[in-house]
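**Q** no FASTA, just this:
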């Protein structure tokens, strides 16, 4: 059956690939972004785009209300929206730290809280949070980003215990380095250093992250909750 799916930050990169994977599966897909525009890659699907800044609880609520009117209550939530503001700790401003935490961690809290209320009434739901290998291994210059992504793990596992009795699963996908606009800005030297540390010897394609997310949202994954699934080419093994 076609489900109501919401992907936050679904306008580019990993989020776009996830939205496309669900749309190809026949689901009713909505995305949020700060622009509120449907990307060209999703134009051939019946996807709706809603403008929402997840750092604003009122905007989140309005976005859900609009999505629910079009597609019904959200049955699958993929919390993907996130930002980076990389710099070494001693150069990092208060705003650099708090803005990343407010978007990546507290923003996830806002959308998950809004979605889970309807899932509880329906006694079913799938929630997938997009973390990062950096949240498990750490990375110099990313203490804000790593803290926010590590926080998602504790958040998901606590919520999995809260919601499990209502047939709602909560899982985390932790991508490694993925070939997106965010990583395209890295120098060739830095890209080569990163690949050298990846056992599979390459970056991931966004579609490979999307496949893991779609699996965790499927009936086949009904007995998986509180899990952290690395999709990182082996970069973070053991963490």
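**A** Perfect, I can see it now. Here the structure is a predicted model, which is why all the values come from computation and not from measurement.

**Q** Start and end of stretch 41-55, how far apart?
**A** 26 Å (CA to CA, to the nearest Å).

**Q** Report the buried residues of that stretch.
**A** Neighbour counts over stretch 41-55 (16 or more other CB atoms under 10 Å) mark 42, 45, 47-50, 52, 54-55 as buried. (C-beta placed from N, C-alpha, C; glycine too.)

**Q** Out of those, which comes closest to residue 208?
**A** residue 42 (18.7 Å; CB to CB).

**Q** Any chance of the backbone angles for the closest one?
**A** Residue 42 adopts backbone torsions of phi -100, psi 0, taken as degrees, to the nearest 10.

**Q** going forward can the numbers begin at 58, since that is how I track them
**A** Sounds good: first residue 58 from here, last item residue 99.

**Q** Pretty sure it sits against residue 88.
**A** Yes. If you go by CB atoms under 8 Å, residue 99 and residue 88 touch, sitting 7.4 Å apart.

**Q** shared neighbours, the two?
**A** Counting by CB atoms under 8 Å, 6 or more residues apart in numbering, the shared contacts of residue 99 and residue 88 are 73, 76, 106.

**Q** Would you format those residues as JSON lines with secondary structure, pLDDT and distance to residue 261 included?
**A** As requested, those are exported to JSON lines (DSSP: H, G, I helix; E, B strand; the rest coil; pLDDT from 0 to 100; distance: CB to CB, whole Å):
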{"residue": "73", "secondary structure": "helix", "pLDDT": "97", "distance to residue 261": "14"}
{"residue": "76", "secondary structure": "helix", "pLDDT": "98", "distance to residue 261": "17"}
{"residue": "106", "secondary structure": "strand", "pLDDT": "97", "distance to residue 261": "25"}
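
**Q** Turn the residues you listed into CSV, including distance to residue 131.
**A** CSV is the format used below for these (distance: CB to CB, whole Å):
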residue, distance to residue 131
73, 18
76, 13
106, 15
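
**Q** Which one of those is nearest to residue 247?
**A** residue 73 (23.8 Å).

**Q** So that closest one sits against residue 99, correct?
**A** Yes. Between residue 73 and residue 99 a contact is recorded at 7.2 Å, counting by CB under 8 Å.

**Q** what sits in contact with each of these two?
**A** Going by CB under 8 Å, 6+ apart, residues that sit against residue 73 and also against residue 99 are residue 88.

**Q** what's the single longest helix in the protein?
**A** For the chain, the helix that runs over the most residues, judged by DSSP state H, is helix 200-220.

**Q** where does it sit relative to the chain's centre, distance-wise?
**A** 12 Å (CA atoms, centre = their mean, to the nearest Å).

**Q** Going by neighbour count, which residues of it are buried?
**A** For helix 200-220, by 16+ other CB under 10 Å, it's 200-210, 212-214, 216-217, 220.
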